[in-house]
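K.L.:
The sequence isn't on hand, but the structure is:
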Ligand code: MRU
């Protein structure tokens with residue numbers, strides 16, 4: 001099943017609850033905006049492209065759950081709910097992108113019924129589109145990999161971070177589909193272990209060779225073992241930096257020191273053409289995520305702790321960005337890029 005989808009019978013969102021991984025592939029119905037916000041905050045649904053689809057389906061759900069009222073009041077409610085949804089997590093730009101794309105198409109409707117129908121139609125299009133874009137990213141990125149390559153990745157930029165297929169892991173899947181033998185080194189990704197819980201699970205389920213390492217081992221591994229490329233996803237790409245899961249910057253610096261290329265695989269919905277690094281808010285999460293692991297304390301309960309969810313990697317560390325419309329090598333000039341891609 002897809003990571004996030006629409007359940008026609010129940011008329012609600014259905015997700016794979018990623019907090020249950022690696023033990024269980026649990027499925028969860030999301031029937032209200034509040035439930036969706038909870039799922040996003042707790043990382044039941046996570047990963048930038050999946051959040052784009054969550055934003056889109058969230059608008060569709062919201063339109064259905066607003067109590068009966070006159071059209072102007074309905075539009076005010078819909079816009080207010082959409083704003084709340086956008087603010088649930090601040091760093092991945094895809095969430096607000098998905099909300100805005102769906103809201104603007106839906107508001108072309110002339111009455112509540114039409115707005116509601118258009119919202120769902122657009123949300124489904126966003127989800128289908130994401131799958132197609134990930135496939136294209138995979139094909140474009142696979143050309144950068146050779147038979148026998150070993151790829152290091154961080155966090156989870158796989159099918160569970162998207163609607164399906166994946167971005168960074170989509171590149172690996174596409175290379176394997178072309179007949180290349182590619183293996184993966186998955187960094188654990190503390191504090192919430194998306195690498196060990198999710199990436200390791202999804203690669204093993206697909207029979208893709210994977211070796212797990214702790215985040216602090218990436219220097220050792222790049223120095224002493226053979227790593228052909230680091231491929232990561234992104235939560236937001238601005239002209240001067242790539243925002244991704246905390247720890248990406250460490251790997252980027254180490255990769256550059258060892259002449260290992262760092263590729264960022266992401267759909268164009270992850271690009272933020274309006275901001276630069278200094279303008280982006282990095283989500284700060286509950287320090288208990290660091291002080292505890294698997295429900296058990298791993299530090300004194302009252303030790304002060306920092307827990308930024310993302311970091312920014314300056315463009316000079318990025319070898320290339322793999323998108324659905326091609327591979328782009330920094331330095332990037334966003335003005336020229338938009339002209340070239342006509343976006
Ligand atoms: O906090 P998360 O798990 O939502 O963070 C996810 C990441 O940082 C991913 O690497 C990123 O969203 C790219 S997913 C294709």
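P.N.:
On my side now, so go ahead. Keep in mind that this is a model prediction, so the values were computed, not measured.
K.L.:
Show me where the protein has its helices.
P.N.:
Listed in chain order, the helices of the chain (DSSP state H) span 33-41, 48-65, 71-86, 93-106, 112-142, 168-177, 200-205, 218-224, 248-257, 288-291, 334-341.
K.L.:
Leaving out the residues flanking it, which one is nearest to the residue of the chain found nearest the ligand?
P.N.:
Closest to the ligand within the chain is residue 233: 2.6 Å, counting by CB to the nearest ligand atom. Quick note: C-beta positions are derived from backbone N, CA and C, even for glycine. Leaving out its chain neighbours, the residue that sits closest to residue 233 by CB to CB, 6 or more residues apart in numbering is residue 157, at 2.8 Å.
K.L.:
which ones are touching the one you found?
P.N.:
Contacts for residue 157 (CB atoms under 8 Å, 6 or more residues apart in numbering) come out as 47, 166-170, 231-233, 265.
K.L.:
Save those as JSON lines, and put in distance to residue 284 too.
P.N.:
Output for these, formatted as JSON lines (distance: CB to CB, whole Å):
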{"residue": "47", "distance to residue 284": "19"}
{"residue": "166", "distance to residue 284": "27"}
{"residue": "167", "distance to residue 284": "25"}
{"residue": "168", "distance to residue 284": "25"}
{"residue": "169", "distance to residue 284": "27"}
{"residue": "170", "distance to residue 284": "29"}
{"residue": "231", "distance to residue 284": "27"}
{"residue": "232", "distance to residue 284": "21"}
{"residue": "233", "distance to residue 284": "20"}
{"residue": "265", "distance to residue 284": "26"}
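K.L.:
Out of these, the closest to residue 142 would be?
P.N.:
Taking CB to CB as the measure, residue 142 lies nearest residue 170 of these, at 9.0 Å.
K.L.:
Mind pulling up the pLDDT for that closest one?
P.N.:
Listed pLDDT for residue 170 reads 98.
K.L.:
what separates the residue of the chain closest to the ligand from residue 223, distance-wise?
P.N.:
Counting by CB to CB, to the nearest Å, the separation of residue 233 from residue 223 is 24 Å.
K.L.:
who has more neighbours, the two?
P.N.:
In this view residue 233 and residue 223 are compared by other CB atoms under 10 Å, and residue 233 has more residues nearby, 31 against 11.
K.L.:
Dihedrals phi and psi, the more buried one?
P.N.:
Dihedral pair for residue 233: phi -90, psi -160, per degrees, to the nearest 10.
K.L.:
domains for the protein, by residue range?
P.N.:
Domain ranges of the chain: 4-134, 144-341, per automatic domain parsing.
K.L.:
State the distance from residue 99 to residue 24.
P.N.:
29 Å.
K.L.:
Between these two, tell me which one has more neighbours.
P.N.:
More neighbours surround residue 99 than the other of residue 99 and residue 24, with 27 against 10 (other CB under 10 Å).
K.L.:
what sits opposite residue 29 in the beta ladder?
P.N.:
Beta-bridge pairing for residue 29 (DSSP bridges): residue 14.
K.L.:
quick one: it and residue 14 touch, right?
P.N.:
Yes: in this structure residue 29 lies within contact range of residue 14 using CB atoms under 8 Å: 5.8 Å.
K.L.:
more crowded one of those two?
P.N.:
Each of residue 29 and residue 14 has its neighbours counted (other CB under 10 Å); residue 14 has more, 20 against 11.
K.L.:
what residues are up against that one?
P.N.:
If you count contacts by CB under 8 Å, 6+ apart, residue 14 has them with 1, 4-7, 27-30.
K.L.:
Can you read off the pLDDT for it?
P.N.:
98.
K.L.:
where's it relative to residue 53, distance?
P.N.:
Distance, residue 14 to residue 53, using CB to CB: 12 Å.
K.L.:
Mutual contacts of those two, please.
P.N.:
Any residue near both residue 14 and residue 53 by CB under 8 Å, 6+ apart counts here, and that gives residue 4.
K.L.:
still on that earlier bit, how close does the residue nearest to residue 233 sit to residue 342?
P.N.:
Distance, residue 157 to residue 342, using CB to CB: 26 Å.
K.L.:
cool, residue 164 as well?
P.N.:
According to CB to CB, residue 164 and residue 342 sit 27 Å apart.
K.L.:
Who has more neighbours out of these two?
P.N.:
Taking other CB under 10 Å, residue 164 and residue 342 do not tie; residue 164 has more neighbours (22 against 6).
K.L.:
Name the nearest residue to the more buried one, sequence neighbours excluded.
P.N.:
The shortest distance from residue 164 to any non-neighbouring residue, by CB to CB, 6+ apart, is to residue 131 (4.7 Å).
K.L.:
Could I get the contacting residues of that neighbour?
P.N.:
When contacts are counted by CB under 8 Å, 6+ apart, residue 131 touches 2, 162-165.
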